[in-house]
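Novice: Predicted coordinates and the sequence they were generated for:
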Amino acid sequence: MSLVFDYYQGHPGEKFTALAVADHADHEGENVYPSIKQLALKTGHDERTIQRHLRQMECKGWLEVAETGGGRGKRTRYRFPVDKIKGGMMSPFFKKTMTPVSQKGDKSCKHSLLEPSLTVSEQNALFARFWFAYPKKKNKGIAEKAFKKLKADDALLQTMLKAIEVQKRSRSWTKDGGQFIPYPASWLNAKAWEDEDEPAEPSMFDGAI
């Protein structure tokens, strides 16, 4: 499949395995069921390496299990989700998020073609907006770590900002000049944007004619 040749990202050995797997697919990316031994002979890799590369391909969204193997002579049948792969490549995140995976990094797959993550600069921009809105400017570094741990996107940030605006008017946040406003990292770790709304502190003009 030319998609694999042109767009698959990984270390050379892994890409060679991906090409060998693709060689078994039909024009729709279906009916992929080579044996581990066949792939090892084609690529020169040992069988454990082939198994690791297949896991990486699944993790990145390039390969899906269509039918699980099991028993003597029954192979796992795979498919390439061509439409999803093409959709991932058309995403503005594609070139930013798909990075080569190290040969020792087979247990982790942090960058998915189908669920792209934000770049560092985009995460920094989102945190800057959160920090600007949050009324207590304490322990910025700890707050930034807590924010990035959440892997927040723009939609979650908007939810946070709306909650902050509501909570700014709550009794607990306005009492004693804001003394009881949580530190930003504590607020993030507690997912306090999901808290039920508190009654707002009455204004001195409430009830005035």
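Specialist: Sure thing, it's come through.
Novice: Just give the closest residue to residue 167, not the sequence neighbours.
Specialist: Counting by Cβ to Cβ, 6 or more residues apart in numbering, residue 173 is the residue found nearest to residue 167 once chain neighbours are left out, at 5.4 Å. The C-beta positions use only the backbone N, C-alpha and C, and glycine is treated the same way.
Novice: Would you mind listing the buried residues in stretch 186-196?
Specialist: Applying a neighbour-count criterion of 16 or more other Cβ atoms under 10 Å, one finds 186-189, 193 buried in stretch 186-196.
Novice: ok, then the element right after the helix or strand bottoming out on mean pLDDT in the chain?
Specialist: Lowest mean confidence among the helices and strands of the chain (mean pLDDT, DSSP states H and E): helix 94-97, at a mean of 42. Along the chain past helix 94-97, the next helix or strand (assigned with DSSP states H and E) turns out to be helix 120-133.
Novice: Enumerate the positions of the helix or strand following that next one that are buried.
Specialist: From helix 120-133 onward toward the C-terminus, using DSSP H and E, the following helix or strand is helix 140-149. Judged by neighbour count using 16+ other Cβ under 10 Å, the buried positions of helix 140-149 are 143-144, 146-148.
Novice: what do you get for stretch 5-20?
Specialist: Along stretch 5-20, the positions that meet the burial threshold by neighbour count (16+ other Cβ under 10 Å) are 7-10, 14-18, 20.
Novice: In helices only, show me these.
Specialist: Among these, the ones falling in helices (DSSP state H) are 7, 14-18, 20.
Novice: Name the nearest of these relative to residue 167.
Specialist: Minimum distance to residue 167 across these is 45.0 Å, recorded for residue 7 (Cβ to Cβ).
Novice: Show me this protein divided up by domain.
Specialist: 2-97, 120-194 (automatic domain parsing).
Novice: Which one of the ones you listed has the poorest average confidence?
Specialist: Looking at the domains of the chain, the lowest mean pLDDT belongs to domain 2-97 (a mean of 79).
Novice: From residue 134, how far off is residue 154?
Specialist: Distance from residue 154 to residue 134, counting by Cβ to Cβ, to the nearest Å: 17 Å.
Novice: Who has more neighbours out of the two?
Specialist: Using other Cβ atoms under 10 Å, the more surrounded residue of residue 154 and residue 134 is residue 134, with 22 against 12.
Novice: Go ahead and confirm that one touches residue 164.
Specialist: Yes - here residue 134 lies in contact with residue 164, judged by Cβ atoms under 8 Å, at a distance of 6.1 Å.
Novice: Number of residues surrounding residue 176?
Specialist: With neighbours defined by other Cβ under 10 Å, the count for residue 176 comes to 7.
Novice: Next, work out how far apart it and residue 149 are.
Specialist: Distance of residue 176 to residue 149, computed by Cβ to Cβ: 30 Å.
Novice: what does residue 166 give?
Specialist: Applying Cβ to Cβ, the value for residue 166 to residue 149 is 24 Å.
Novice: what's the closest non-adjacent residue to residue 24?
Specialist: residue 34 (4.6 Å).
Novice: Give me the neighbour count for the one you found.
Specialist: The tally of other residues near residue 34 (other Cβ under 10 Å) stands at 21.
Novice: Helix, strand, or coil at it?
Specialist: coil (DSSP: H, G, I helix; E, B strand; the rest coil).
Novice: same check, this time on residue 78
Specialist: Secondary structure of residue 78, reduced to three states by three-state DSSP: strand.
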